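Novice: structure for this input, please:
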Amino acid sequence: MIKDYEIREELNDVADTIHRYNANPSTWLSWITYLLKRLDANSMDVDPSNQRRYEDMLSSLQDNIHNRRRTGGW
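Specialist: Purely as a prediction, here's the structure:
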């Protein structure tokens, strides 16, 4: 079973790789969108009822992004 810290390490590596590929944040949207598309597809493969949970996660993500823009912190 994969542990949280292992996923964090992987995501840190991915973030570093994307940054090395192109340091301009405006280009990162396509990679973030790609990741969300893959997560969406993977969630449906496991359990079609996950669609509602995925939509809830997107809503929470939207709230987090709004708060980040408003407060400057995560």
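
Novice: packing partners of the helix or strand hosting Asn67?
Specialist: In this structure, Asn67 sits in helix 50-71 according to DSSP states H and E. Secondary-structure packing of helix 50-71 (3 or more CB pairs under 8 Å, 6 or more residues apart in numbering; DSSP states H and E): helix 28-46. Where C-beta positions appear, they are placed from N, C-alpha and C, glycine not excepted.

Novice: buried stuff in the helix it packs on?
Specialist: Residues of helix 28-46 classed as buried: Ser43 (neighbour count, 16 or more other CB atoms under 10 Å).

Novice: for that helix, C-alpha coordinates in PDB please.
Specialist: What follows is helix 28-46, C-alpha atoms only, in PDB (Å, rounded to 0.1, in the frame of the first residue of the first chain):
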ATOM      1  CA  TRP A  28       1.400  24.800 -16.300                       C
ATOM      2  CA  LEU A  29      -2.400  25.000 -16.800                       C
ATOM      3  CA  SER A  30      -2.300  22.300 -19.500                       C
ATOM      4  CA  TRP A  31      -0.500  19.900 -17.200                       C
ATOM      5  CA  ILE A  32      -2.800  20.500 -14.300                       C
ATOM      6  CA  THR A  33      -5.800  20.000 -16.600                       C
ATOM      7  CA  TYR A  34      -4.200  16.800 -17.900                       C
ATOM      8  CA  LEU A  35      -3.700  15.500 -14.300                       C
ATOM      9  CA  LEU A  36      -7.400  16.300 -13.500                       C
ATOM     10  CA  LYS A  37      -8.600  14.500 -16.600                       C
ATOM     11  CA  ARG A  38      -6.600  11.400 -15.700                       C
ATOM     12  CA  LEU A  39      -7.900  11.500 -12.100                       C
ATOM     13  CA  ASP A  40     -11.400  11.900 -13.400                       C
ATOM     14  CA  ALA A  41     -11.000   8.900 -15.800                       C
ATOM     15  CA  ASN A  42      -9.300   6.800 -13.100                       C
ATOM     16  CA  SER A  43     -12.100   7.500 -10.600                       C
ATOM     17  CA  MET A  44     -14.700   6.200 -13.000                       C
ATOM     18  CA  ASP A  45     -12.700   3.000 -13.700                       C
ATOM     19  CA  VAL A  46     -12.800   2.100 -10.000                       C
END
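
Novice: nice, that's everything, thank you.
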